[in-house]
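# 3D model of this:
(one chain, ligands or ions: 1)
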Amino acid sequence: MPPTARKRKRKAPSSSSSRRTRSVSRLDFRSAADGAWYGARVAVQGGALRVMYEEFPEEQDEWYHPAALAAVSSPSRHGVVAALRARFRVASPPLDDARCRDLRPGAPLCVSCPLDAGLLKFYDAVLESVLPAAHGTVDGEERCACRFAVRWTEGPRAGSREEVGVERVCCVQSSPVQDPVLNEFLDGLTRLLGSGSGAGATASQETSAVAAAEGGGVPGDAPPGFHRKFGART
Ligand SMILES: [Zn+2]
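Sure, this is the predicted structure:
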């Protein structure tokens, strides 16, 4: 899992000629390892979904293999697709200093949470109230000085309250993910899982090819959020 996370900022995507089908949109992705949210992009390579964390080396990429997911999912096949889908959402932009007054109690937020060893991870929280303060100006830009009382809903502090500054707040968006690469993969996975053990599945020959290449094996103790890292493949 990614060892750390920082304040999200939009960055130009790094280019890679090996990324055959690559998402254009930046997404939020919840790591199965720590439940925190990270900026990520996705690609489909060799039939597998590749999740590329922003600001982390490619060794940290996660790969979701249709055959492996199908094997894990036998008790509740569609639950696995839904669970994977739920780990993605539209990127949550940092709260704009000049827009703090738009926030209302109950607003879903994603807030940076300082952890031991200098780690900073993003977890979900709900806004309880805003303690307004006069805004200042730095280098011609408005700076919010308000405090935001939030209640953590996820992460190590779930259930507790905290007052945070604007620099720690991102705004969770309600719009659905419209990433064509991700949606196509998940739709294909749905069809694959819905049609039995992959025979005649519309999720493509690619899937079968990758399954054959990987042997389709899954550890017996694989958790529901099973993922495996294949390392970089070109
Ligand atoms: Zn403010």
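# Mind checking which residue lies nearest the centre of this structure?
Centroid check for the chain by C-alpha atoms, centre = their mean gives residue 29 as the closest residue, at 0.2 Å.
# How about that one, nearest residue that isn't a chain neighbour?
Leaving aside its chain neighbours, residue 29 sits nearest to residue 40 (3.9 Å; criterion: C-beta to C-beta, 6 or more residues apart in numbering). To be clear about C-beta, it is placed using only N, CA and C from the backbone, and glycine gets the same treatment.
# Report the backbone C-alpha coordinates of whatever helix or strand residue 192 lives in in PDB.
In the assignment (DSSP states H and E), residue 192 maps to helix 180-194. C-alpha atoms of helix 180-194 as PDB (Å, rounded to 0.1, in the frame of the first residue of the first chain):
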ATOM      1  CA  PRO A 180     -14.800   5.200 -19.500                       C
ATOM      2  CA  VAL A 181     -11.900   2.900 -18.800                       C
ATOM      3  CA  LEU A 182     -13.000   2.000 -15.300                       C
ATOM      4  CA  ASN A 183     -16.600   1.700 -16.300                       C
ATOM      5  CA  GLU A 184     -15.900  -0.500 -19.200                       C
ATOM      6  CA  PHE A 185     -13.700  -2.800 -17.000                       C
ATOM      7  CA  LEU A 186     -16.400  -3.000 -14.300                       C
ATOM      8  CA  ASP A 187     -19.100  -3.600 -16.800                       C
ATOM      9  CA  GLY A 188     -17.100  -6.400 -18.400                       C
ATOM     10  CA  LEU A 189     -16.400  -7.900 -15.000                       C
ATOM     11  CA  THR A 190     -20.100  -7.800 -14.200                       C
ATOM     12  CA  ARG A 191     -20.800  -9.700 -17.400                       C
ATOM     13  CA  LEU A 192     -18.000 -12.200 -16.800                       C
ATOM     14  CA  LEU A 193     -19.200 -12.900 -13.300                       C
ATOM     15  CA  GLY A 194     -22.800 -13.100 -14.400                       C
END
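# Can you point out the buried residues in that helix?
Residues 181, 182, 185, 186, 188, 189, 190, 192, 193 are the ones in helix 180-194 that count as buried (16 or more other C-beta atoms under 10 Å).
# What pLDDT is listed against the fourth one?
Note on residue 186: pLDDT of 94.
# Now do the contacts for it.
Residues near residue 186 by C-beta atoms under 8 Å, 6 or more residues apart in numbering: 81, 84, 85.
# The closest residue to residue 166 other than its chain neighbours: how many residues sit nearby?
Nearest non-adjacent residue to residue 166, counting by C-beta to C-beta, 6+ apart: residue 144, 4.1 Å away. When neighbours are defined as other C-beta atoms under 10 Å, residue 144 has 23 of them.
# Now do the helices in the chain.
Ranges of helices in the chain, per DSSP state H, are 66-72, 77-86, 180-194, 204-214.
# Show me what the second one is packed against.
With contacts taken as 3 or more C-beta pairs under 8 Å, 6 or more residues apart in numbering; DSSP states H and E, helix 77-86 sits against helix 66-72, helix 180-194.
# From the chain's centroid, how far away is the longest one?
Distance of helix 180-194 from its chain centroid, counting by C-alpha atoms, centre = their mean, to the nearest Å, is 17 Å.
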